[in-house]
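K.L.:
below is the sequence, then the predicted model.
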Amino acid sequence: MNKNDVMIETVDLQKYFKDLHVLKGINTQVRRSEVVAIMGPSGSGKSTFLRCLNRMEEPTSGHIYVEGIDIMAPYIDINKVRTEIGMVFQSFNLFPHLNSIENIKLAPMHVRKISDKEATERGMQLLEKVGLSDKALAYPEQLSGGQQQRVAIARALAMQPQIMFFDEPTSALDPEMIGEVLDVMRTMAKEGMTMIVVSHEMGFIREAADRILFMADGLIVEEGTPEEIFKNAQHARTLDFLSKIL
Amino acid sequence: MNSTHEITGDQTHRFVRTHPMWFKVIRRPAFVWATFVLLVLYAILLPGREAAAPAVMIVSISLFLLLILTWSANVLADRNQSEAVKMIVALLLIGVLGWLFYNYSGAQWDKVADFFFNWEKLEGSWWILFRGLGVTLLLAAISAAGTVLIGLVVAILRQFKSDTLNFFLKIYIDVFRSVPMIVVMVVLFFALPYAGISFGSILSTIVALSIGYGAYAAESFRAGIESVHSGQIEAARSLGLSRWQTIRMIVLPQAIPVVIPPLTGNLVAMLKETAVASVVAAPELLKRARELYTSKTNPTPLIAAAIIYLIVLVPLVRIVNMLEKRVKLK
């Protein structure tokens, strides 16, 4: 596989919530091993766009190609597509009735159908990777927010996805816990994971992102490398937004 | 150095609770005791039932009732009074009310005892009642299983959010929550045979209770399922779990602990409701008691059945209460 393979491509992606036009035609590509950050003011459609990409929200029209396959086609089993796409949520969404290792091995065992032993082994490796091998038997309520989010990342990675989505992964965290989550994400980026990250963590984006998509009012109004966007933004909405958060 | 927050003596009065004079008087132990002695004297001096004109009786007993209730309220509402004293006063009040009823209601107590508490009439018949209890418990157990099954299936079907399906499920739920259980039973037992379907009394009861209480259980399960945060379902679906896997492995394990208290509440109510099976002649506890009532020409068996229901149900009601508390603590 080529390093410049297109992993995900969207063509004229549109989404309405009743009469509200949330996505007004998104055209973009994400390449293998690329880290793409999506920024933009609240209500600009960033999260909706991300959630449309694995059809957690059903797009109203348009096409989404994952590795060249149109996943909007009627014969597509979206569950199979989702096994290739890991997703990390703002509010962690760990399963509270399962401990860390059970959270991680649930999907590999019941979707990938691998054995309990193998799933446990792989799960423990992932917990070690996110620095929580001592918390395998802890339940979510016994973990801090940062620890929960790291377990959630390990849970998504356990499916060995081709691409990872992060929907504001640090927005619900206390400031002192943001770093530990971003560290894990940085490592993943270095290891070549394809990532789409909705976030306003400027430090992380500047360092780890290859490209920024800046969204406003349901459209990508500007895109470029972090250098280009932060130093030399052209669009008025981008400049206005950056002046508020920088 | 004086703290700026220190309240000095001359400032304290701003926050001190003040009561009117009469209130201070009625809460004094001396007043409470004095009025108590007066009430005892009043009770002793109350004329016998036949000793005075009816009008005089009504007025004097009403006044006595008013005074004793006011006196008790004064003690029971006093938050400085100990719970032990309040308990004594409450028991005293109940005793006095019972004493008034016993002496002045005009009941013929020897006849009451002969009719309703004539345990000799029940000699040799207790086993009939206990076999009836056995049938009651069996009916309740099988109907409980049916209730849970129907409730769970209906609640899960509702999660598929199909408008057509929901339309009919809601009709089912609303109809069976509105129609009295006794009507459902009568229809099943007396009307359906004309349509060529004969259930018999036992099966009619089980079917009626299952579909009737299934409607309540479906609502309990639905509330439990909907109490699971939508993020849980999103996380499961994003991992590639199917809708059914998500319900089974993520939603139900979180919903069921929430559902158990209201569900057991419904089931206990259903156990009580098995008594209406006596109208379709299912040989359960109440039916047996009514048969004995007829054959012995004495209502004591009904009292015995009531006591058996109490003994079985009170512990169950307490258990439901504990389950509710445990869920609230979580």
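P.N.:
Received, thanks.
K.L.:
helix/strand/coil for residue 215?
P.N.:
Here I'm looking at chain A. strand (DSSP: H, G, I helix; E, B strand; the rest coil).
K.L.:
repeat for B:R79
P.N.:
Classification of B:R79 using three-state DSSP returns coil.
K.L.:
what's the pLDDT at it?
P.N.:
pLDDT recorded at B:R79 is 87.
K.L.:
around chain B, pick out the residues from chain A.
P.N.:
Neighbours of chain B within chain A, by CB under 8 Å from any CB of the partner chain: A:54, A:56, A:79-80, A:82-83, A:85-87, A:89, A:91, A:93-97, A:106-107, A:110-111, A:152, A:155-156, A:159. For every residue, glycine as well, the C-beta is placed using N, CA and C.
K.L.:
make it 7 Å
P.N.:
Within chain A, the positions near chain B by CB under 7 Å from any CB of the partner chain are A:54, A:56, A:79, A:82-83, A:87, A:89, A:91, A:93, A:95-97, A:106-107, A:110-111, A:159.
K.L.:
just the ones of those residues in helices?
P.N.:
Members of those lying in helices (criterion: DSSP state H): A:N79, A:R82, A:L106, A:A107, A:H110.
K.L.:
out of the residues of chain A next to chain B, which are buried?
P.N.:
Neighbour counting by 16 or more other CB atoms under 10 Å in any protein chain shown classes A:54, A:56, A:82-83, A:87, A:89, A:91, A:93, A:95-97, A:106-107, A:110-111, A:159 among the residues of chain A next to chain B as buried.
K.L.:
which SSE is immediately downstream of the worst-scoring helix or strand of chain B on mean pLDDT?
P.N.:
In chain B, no helix or strand scores lower on mean pLDDT, DSSP states H and E than helix B:9-12, which sits at a mean of 69. Following helix B:9-12 in sequence order, the next helix or strand is helix B:21-26 (DSSP states H and E).
K.L.:
just checking, what packs against that next one?
P.N.:
Helices and strands touching helix B:21-26, as assessed by 3 or more CB pairs under 7 Å, 6 or more residues apart in numbering or on different chains; DSSP states H and E, are absent.
K.L.:
beyond that helix, next helix or strand please.
P.N.:
Sequence-wise, the next helix or strand downstream of helix B:21-26 (DSSP H and E) is helix B:29-45.
K.L.:
helices or strands next to that following helix in the packing?
P.N.:
Counting contacts by 3+ CB pairs under 7 Å, 6+ apart, helix B:29-45 is packed against helix B:54-76.
K.L.:
may I see the buried residues of the helix it packs on?
P.N.:
Residues B:M57, B:I61, B:F64, B:I68, B:W71, B:S72, B:N74, B:V75 are the ones in helix B:54-76 that count as buried (16+ other CB under 10 Å).
K.L.:
same check on stretch A:201-217?
P.N.:
A:E201, A:F204, A:I205, A:A208, A:A209, A:R211, A:I212, A:L213, A:F214, A:M215, A:A216.
K.L.:
what residues does that stretch touch?
P.N.:
Residues outside stretch A:201-217 that contact it (CB atoms under 7 Å, 6 or more residues apart in numbering or on different chains): A:28, A:34-41, A:44-46, A:49, A:170, A:182, A:185-186, A:189, A:199, A:220-226, A:229-230, A:237-238.
K.L.:
centre of the chain to it, how far?
P.N.:
Computed by CA atoms, centre = their mean, to the nearest Å, the chain-centroid distance of stretch A:201-217 equals 13 Å.
K.L.:
average pLDDT for that stretch?
P.N.:
Throughout stretch A:201-217, pLDDT has a mean value of 93.
K.L.:
return that stretch as PDB; C-alpha atoms alone will do.
P.N.:
Output of stretch A:201-217 as PDB, limited to C-alpha atoms (Å, rounded to 0.1, in the frame of the first residue of the first chain):
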ATOM      1  CA  GLU A 201      -5.600  22.000  21.400                       C
ATOM      2  CA  MET A 202      -3.300  24.400  19.600                       C
ATOM      3  CA  GLY A 203      -0.100  22.900  21.000                       C
ATOM      4  CA  PHE A 204      -1.000  19.400  19.900                       C
ATOM      5  CA  ILE A 205      -2.300  20.500  16.500                       C
ATOM      6  CA  ARG A 206       0.800  22.600  15.700                       C
ATOM      7  CA  GLU A 207       3.100  19.700  16.600                       C
ATOM      8  CA  ALA A 208       1.200  16.600  15.400                       C
ATOM      9  CA  ALA A 209      -1.200  17.700  12.600                       C
ATOM     10  CA  ASP A 210      -0.300  17.600   9.000                       C
ATOM     11  CA  ARG A 211      -3.200  19.600   7.900                       C
ATOM     12  CA  ILE A 212      -6.000  21.800   9.400                       C
ATOM     13  CA  LEU A 213      -9.500  21.900   8.000                       C
ATOM     14  CA  PHE A 214     -11.100  25.100   9.200                       C
ATOM     15  CA  MET A 215     -14.900  24.900   9.200                       C
ATOM     16  CA  ALA A 216     -17.600  27.600   9.500                       C
ATOM     17  CA  ASP A 217     -21.300  27.400   8.800                       C
END
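K.L.:
quick check on residue 19: phi, psi?
P.N.:
I went with chain A, as the question did not name one. Main-chain dihedrals, A:D19, degrees, to the nearest 10: phi -90, psi -10.
K.L.:
I was after chain B.
P.N.:
Main-chain torsions, B:H19, degrees, to the nearest 10: phi -120, psi 150.
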